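Participant: Predicted coordinates and the sequence they were generated for:
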Amino acid sequence: MAPIERTERGSGRDLGPSRIELTRGDITREPVDAIVNAANSSLMGGGGVDGAIHRAGGRAILDECRRIVDAQGPLPAGEAVITSGGLLPARRVIHTVGPRWRGGGHGEAATLASCYRKSLALAAREGLSSVAFPSISTGAYGFPVDEASVVALEAVAGALRAGSPVRLVRFVLFSDADLDVYRRALDALAG
Ligand code: AR6
């Protein structure tokens with residue numbers, strides 16, 4: 001997929017030296033430094049984007065996830081860890097656990113923001129400069145995408161404005177409808 005095609009299908013916004021891009025596609029095909037996985041606390045795979053990443057990335061990713069869980073236990077919601085990218089075009093996979101939607105009054109937005117912030121902080125610590133995110137929590141975990149898109153973009157924009165060395169953050173949305181929602185949220189982003 002040529003970069004020009006992405007630009008036509010998606011959209012973007014510059015924030016100082018960094019850029020946020022929106023595109024529709026399959027995140028497992030993204031040739032970035034790291035893609036982010038919307039995992040569950042077991043880190044042992046599942047459905048949705050998690051299943052797709054483990055299928056495309058192969059056994060090495062699961063083996064690393066198992067070692068992480070053996071060493072530190074299940075990953076709490078809002079936290080992030082990193083493995084290799086296995087067979088993926090991305091060099092690394094950052095695994096984070098989004099909140100399950102429970103009506104919105106249980107700190108879901110704060111936990112979701114933490115997923116994005118901690119994933120970017122980990123990428124920065126590892127010297128990575130391009131990161132692709134899926135729409136965390138808006139599938140099986142039921143977070144309404146309208147609200148999730150605002151939380152996601154504000155968290156990422158906040159980290160980039162605060163001086164993150166990450167230069168490209170690409171949201172890879174799985175449907176045209178989700179892409180439209182994120183596009184509206186990006187247009188509405190303050191500043
Ligand atoms: N590329 C980009 N986005 C995708 C892809 C893909 N290949 N496949 C699905 N999506 P979900 P969650 C979108 O359910 O809500 C798993 O079983 C999807 O359309 O993958 O955080 C885990 O193991 C949706 O917009 O993640 C957990 O148990 C978005 O990715 C649980 O689901 C997130 O949907 C996590 O639920």
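Facilitator: Yep, it's here. Numbering: from 1, shown residues only.
Participant: so who does Glu30 touch?
Facilitator: Pro89, Ala90, Ala132, Arg170, Val172 (Cβ atoms under 8 Å, 6 or more residues apart in numbering). For the C-beta atoms, the positions are set from N, CA and C on the backbone; glycine is no exception.
Participant: just Leu112 next, same as before
Facilitator: So Leu112 contacts Gly78, Gly98, Pro99, Ile136, Ser137, Phe143, Ala148, Val151, Ala152, Ala155 (Cβ under 8 Å, 6+ apart).
Participant: same question, Ser11
Facilitator: Glu21, Leu22, Arg183, Leu186.
Participant: Return the member of those nearest to the ligand.
Facilitator: Nearest to the ligand among the contacts of Ser11, counting by Cβ to the nearest ligand atom, is Leu22 at 12.2 Å.
Participant: Name the member of the contacts of Leu112 with the most neighbours.
Facilitator: Ala152 (29 neighbours; other Cβ atoms under 10 Å).
Participant: Distance of the closest residue to it other than its chain neighbours relative to the ligand?
Facilitator: Closest residue in space to Ala152, ignoring its immediate chain neighbours: Tyr116 at 5.7 Å, by Cβ to Cβ, 6 or more residues apart in numbering. Tyr116 sits at a distance of 12 Å from the ligand (criterion: Cβ to the nearest ligand atom, to the nearest Å).
Participant: Would you agree Tyr116 is in contact with Ala155?
Facilitator: Yes: applying Cβ atoms under 8 Å as the test, Tyr116 and Ala155 come out as touching, 3.9 Å apart.
Participant: re the thing from before, out of the contacts of Glu30, which are inside helices?
Facilitator: Counting by DSSP state H, no part of those is found in helices.
Participant: Format those residues as CSV; extra columns: neighbour count and pLDDT.
Facilitator: Below are the contacts of Glu30 laid out as CSV (neighbours: other Cβ atoms under 10 Å; pLDDT from 0 to 100):
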residue, neighbour count, pLDDT
Pro89, 13, 98
Ala90, 26, 98
Ala132, 24, 98
Arg170, 21, 98
Val172, 26, 98
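Participant: need these in CSV with distance to Glu30, can you?
Facilitator: Converted to CSV, the contacts of Glu30 look like this (distance: Cβ to Cβ, whole Å):
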residue, distance to Glu30
Pro89, 7
Ala90, 6
Ala132, 4
Arg170, 7
Val172, 6
